[in-house]
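A.B. asks: Sharing a sequence plus its predicted fold:
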Amino acid sequence: MALSIGQVRGISKAHAKTLRQHGLGDINKYLAATKTAEKRRALAQELNLSEQQILENANRCDLARVVGIGRVFSNLLENAGVDTVKEMAARVPPNLYEKLAETNVGKRYAQRNPTLKEVKGWVAQAKKLPKTLEY
């Protein structure tokens, strides 16, 4: 079962309610509705949101497909420069592990740093996941 849209970091309860009313209640439905720039533009107009906000939400939904990231690590990853599955797949796990630890120091984007084993698993998953967004 796909992650509920309300469980994605950065999507407020009110916004999630609006998305559910438009049939976009989980990340897979949201990703399908935002696959192309044209679709994102149309959805932005329909929901009276900026195209940038629609894209940011789509990127967060994309990254949420990686098991183990969810809300806990999505903020940390985004602040470390990883906001899509495509970006995650291109990373070298030990380097990303170090970058995440460095990014979390003092800021506490996450309650704890991910382990190297977790980061390796995320990168491996990202390499296998199908591409969902076109830029």
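C.D. replies: That came in fine, so what should we check first?
A.B. asks: hey, C-alpha coordinates of stretch 44-60 in CSV?
C.D. replies: Provided in CSV are the C-alpha atoms of stretch 44-60 (Å, rounded to 0.1, in the frame of the first residue of the first chain):
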residue,chain,number,x,y,z
ALA,A,44,-1.0,24.0,-10.0
GLN,A,45,-3.7,26.0,-11.8
GLU,A,46,-6.4,23.6,-10.6
LEU,A,47,-5.3,23.8,-6.9
ASN,A,48,-4.3,27.5,-7.1
LEU,A,49,-0.7,26.6,-6.0
SER,A,50,2.6,27.5,-7.5
GLU,A,51,4.2,25.1,-10.0
GLN,A,52,7.3,25.2,-7.6
GLN,A,53,5.2,23.9,-4.7
ILE,A,54,3.7,21.2,-6.8
LEU,A,55,7.2,20.1,-7.9
GLU,A,56,8.6,20.2,-4.4
ASN,A,57,5.7,18.0,-3.2
ALA,A,58,6.2,15.6,-6.2
ASN,A,59,9.9,15.4,-5.3
ARG,A,60,9.1,14.6,-1.7
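A.B. asks: residues of it that come out buried?
C.D. replies: By neighbour count on 16 or more other Cβ atoms under 10 Å, the buried set for stretch 44-60 is Ala44, Leu47, Ile54, Leu55, Asn57, Ala58, Asn59, Arg60. Yep, even glycine has a C-beta here, placed from its N, CA and C like the rest.
A.B. asks: Can you tell me the closest non-neighbouring residue to the residue nearest to the spatial centre of the chain?
C.D. replies: With distances taken as Cα atoms, centre = their mean, Arg60 lies nearest the centre of the chain, 2.1 Å away. Nearest residue to Arg60 in three dimensions, chain neighbours excluded: Val8, at 5.1 Å (Cβ to Cβ, 6 or more residues apart in numbering).
A.B. asks: again, but for Trp122
C.D. replies: Computed as Cβ to Cβ, 6+ apart, the closest residue to Trp122 that is not its neighbour in sequence is Val66, at 5.1 Å.
A.B. asks: Same question for the one you found, what's its three-state structure.
C.D. replies: Secondary structure state of Val66, per DSSP: H, G, I helix; E, B strand; the rest coil, is coil.
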